[in-house]
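Peer 1: Predicted model and sequence follow; I will ask about them next.
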Amino acid sequence: MAEVPSTFQLKRGQSAPDFTLPDGSGTEHSLADLTTGKQATVIAFVCNHCPFVVHLTKEFGELASDFSAKNVQTIAISANDVANYPADSPEKMVQFAEASGWNFPYLYDESQAVAKSYSAACTPDFYVFDSELKLTYAGQFDDTRPGRGGTIDGADLRRAVESTLSGEIVSEPWYPSSGCNIKWKSGQEPDYF
């Protein structure tokens, strides 16, 4: 598996690109509906089959649950080409989220337009936005990767969300996330690589 890093194309203070996407059951969710009144929002581009996502699935769910109590919305999005990667199909997204203990929306970006609007490159790829949906952080969950040891604790993402909630600037450097590349449809590969 080739390891691909985040692109860091979205910059601090940029607005979250808007979207309306279905979850794995077909129910549509808009960014505005999910985030109105929230103190912060975490958006993660993920998929079901990537070992880099599977590596932190449980801890990501726990982090989302912890911050949900502090009025933080977590949203996961899969943009993979399911024709060539059927393990990432919407039906299997539902099963994956349930098995992972995810109690937040897991949405399907069939057109891949949303992933491109965020300049997402890999699974997982994380973004944190404040109450006005302005970017406060983009980067890794923590410094662990599959098979490389360490304690999976979401330290980088936790620090970013906590800083955002307290109105502090998330200190740099922001270390890139890395993982499997998003599985782009043929001819749909973005130009930001």
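Peer 2: On my side now, so go ahead.
Peer 1: Who are the contact partners of residue 182?
Peer 2: Residue 182 makes contact with 45, 47, 79, 80, 112, 115, 120, 121, 122, 123 under the criterion CB atoms under 8 Å, 6 or more residues apart in numbering. All C-beta spots, glycine's among them, are computed from the backbone N, C-alpha and C.
Peer 1: ok, for the fifth one, nearest residue in space, not its chain neighbours?
Peer 2: Using CB to CB, 6 or more residues apart in numbering and skipping residues adjacent in sequence, the residue nearest residue 112 is residue 79, 4.8 Å away.
Peer 1: What distance do you get for the one you found to residue 12?
Peer 2: 23 Å (CB to CB, to the nearest Å).
Peer 1: Among these two, which residue is more densely surrounded?
Peer 2: Remark: of residue 79 and residue 12, residue 79 carries more neighbours, 29 against 13, as counted by other CB atoms under 10 Å.
Peer 1: How about the contacts made by the more buried one?
Peer 2: 45, 47, 109, 112, 114, 115, 120, 182.
Peer 1: let's go with 7 Å and repeat that
Peer 2: 45, 109, 112, 114, 115, 120, 182 (CB atoms under 7 Å, 6 or more residues apart in numbering).
Peer 1: what ranges do the helices span in the protein?
Peer 2: Counting by DSSP state H, the segments of the chain that form helices are 31-35, 51-54, 57-68, 90-100, 113-117, 155-165.
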